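Undergrad: got a sequence here, can you build the structure:
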Amino acid sequence: MILGTHIYPATGLAAERMRQALDTWAGLPGVRLINLQFADDASPVGHPAFETRAVLRHDSRTVTGAQGPRKPIVRELLDHLVDAAVQSRAAYAGFSNADILISPAAMSRVAAGQHEALVFSRMDIDGTTGAPLGEFLSGQDTLFITPQAYGRIRRRLRPYIVGEMPWDVIYTSILLTHARTLLVNRGDDCRHVFHDTVWVDSPFAAHGWRLSHQDWTYFARWYRYYNPAKALRERGGSAEEEDALRSRVFGPLTIVERALHRYRSLRHGAFT
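TA: Here you go, the predicted structure:
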């Protein structure tokens, strides 16, 4: 299978977190690793275990017109990773943030081939002791999808920016609605060293929220699942109860939801 990311320039603790995470990827069985970089970057950041492809032509600045850190567009990353999967006849294309420690157990779930897509929430861990700090239910950092399923849903995916709110929950909601998707949000298949968030007060926030208004149907579905799921966990509910909740929320779109989605897409700018 294909697993890719964008390795970004980092220093200090951020660079160390990323190095440790990518080193774990290098030991994953049956995985071809790809590092997607900007086409005009003369000195892209790399890792010895990754094939570097300088193919990205859009970024956070070009799609928003705002100045700030140069970040890739999630949809463009997935386009290239799915193309790589098709070229190599891989069953899945995967994307993950570059600071996620991905376990062999996560890859075993993917390799089982029982789903069109798999989305992983992360287990935050203490950076010093490695002690688990709890699953991060409100965001997902790692996903895998078959090229066939991606071909069906690609038109529904808007150009959200990596590392910015709220691409992950909206993409997850779309996948849960329109593909046979497994959401893995219990346990530590994917771990993440806890650190302060860096997207607060982002210059690109308005772009993400404008797109989320276009995708409000999927955003609302996510929170109709997330809030009860969080309450269920707090009272010690079972995984089976949570699965049933997720199935109730993420059924086919209703006629009303489809109509509202079209209206919001037009009202907030359909051409993205």
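Undergrad: what segments of the stretch 151-272 of the chain are helices?
TA: Taking DSSP state H, counting those that start in this stretch to define them, one finds helices in the stretch 151-272 of the chain at 167-178, 205-214, 216-234, 239-249, 255-267.
Undergrad: hey, which of these is tucked in deepest?
TA: Greatest average neighbour count among the helices of the stretch 151-272 of the chain goes to helix 167-178 (a mean of 24), per mean count of other Cβ atoms under 10 Å. From N, CA and C alone the C-beta is placed, and that goes for glycine too.
Undergrad: quick one on the thing from earlier: which of the helices of the stretch 151-272 of the chain sits closest to G46?
TA: Distances from G46 to each of those were compared using Cβ to Cβ; the minimum, 24.5 Å, belongs to helix 167-178.
Undergrad: over to R53. Which of the three states is it?
TA: Look at R53: counting by DSSP: H, G, I helix; E, B strand; the rest coil, its state is strand.
Undergrad: that one pairs with what?
TA: When bridges are called by DSSP bridges, R53 pairs up with L36.
Undergrad: from now on call the first residue 696
TA: Sure, I'll start numbering at 696, so the last one becomes R748.
Undergrad: show the contacting residues for it.
TA: Counting by Cβ atoms under 8 Å, 6 or more residues apart in numbering, R748 makes contact with 729-732, 775, 779.
Undergrad: what about it, distance to L838?
TA: Shown here: R748 relative to L838, a distance of 19 Å by Cβ to Cβ, to the nearest Å.
Undergrad: kindly report the same for T747.
TA: Plainly put, T747 is 21 Å away from L838 if you go by Cβ to Cβ.
Undergrad: try R851
TA: As judged by Cβ to Cβ, R851 and L838 stand 14 Å apart.
Undergrad: who has more neighbours, the two?
TA: Neighbours around R851 and L838, counted as other Cβ atoms under 10 Å, are more numerous at L838. The numbers are 23 against 15.
Undergrad: got a pLDDT number for the nearest residue to the more buried one once chain neighbours are set aside?
TA: Leaving aside its chain neighbours, L838 sits nearest to V814 (4.6 Å; criterion: Cβ to Cβ, 6 or more residues apart in numbering). Reading off the confidence values, V814 has pLDDT 97.
Undergrad: which residues does V814 bridge with?
TA: For V814, the beta-bridge partners under DSSP bridges are L838, L878.
Undergrad: and the angle for the helix or strand hosting M818 with helix 862-873?
TA: Secondary structure assignment for M818, by DSSP states H and E: strand 812-820. Orientation of strand 812-820 against helix 862-873 (axes from the mean of the first three to the mean of the last three Cα atoms, to 10 degrees) gives an angle of 140 degrees.
Undergrad: helices or strands up against strand 812-820?
TA: Using 3 or more Cβ pairs under 8 Å, 6 or more residues apart in numbering; DSSP states H and E as the contact definition, the elements that strand 812-820 packs against are helix 799-806, strand 827-840, helix 862-873, strand 876-879, strand 885-888.
Undergrad: how about a cut-off of 6 Å?
TA: In terms of contacts (3 or more Cβ pairs under 6 Å, 6 or more residues apart in numbering; DSSP states H and E), strand 812-820 is packed against strand 827-840, strand 876-879, strand 885-888.
Undergrad: Throw those strands into CSV and include mean pLDDT, thanks.
TA: As requested, these are arranged in CSV below (pLDDT from 0 to 100):
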stretch, mean pLDDT
strand 827-840, 87
strand 876-879, 97
strand 885-888, 89
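Undergrad: any idea which of those is most buried?
TA: strand 885-888 (a mean of 23).
Undergrad: strands paired with that strand, and their directions?
TA: In the sheet containing strand 885-888, the strands it pairs with under DSSP bridges are strand 795-797 (antiparallel), strand 812-820 (parallel).
Undergrad: rebuild those strands as JSON lines, extending it with distance to W862.
TA: Rendered in JSON lines, the data for the strands paired with strand 885-888 read as follows (distance: least, Cβ to Cβ, whole Å):
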{"stretch": "strand 795-797", "distance to W862": "15"}
{"stretch": "strand 812-820", "distance to W862": "12"}
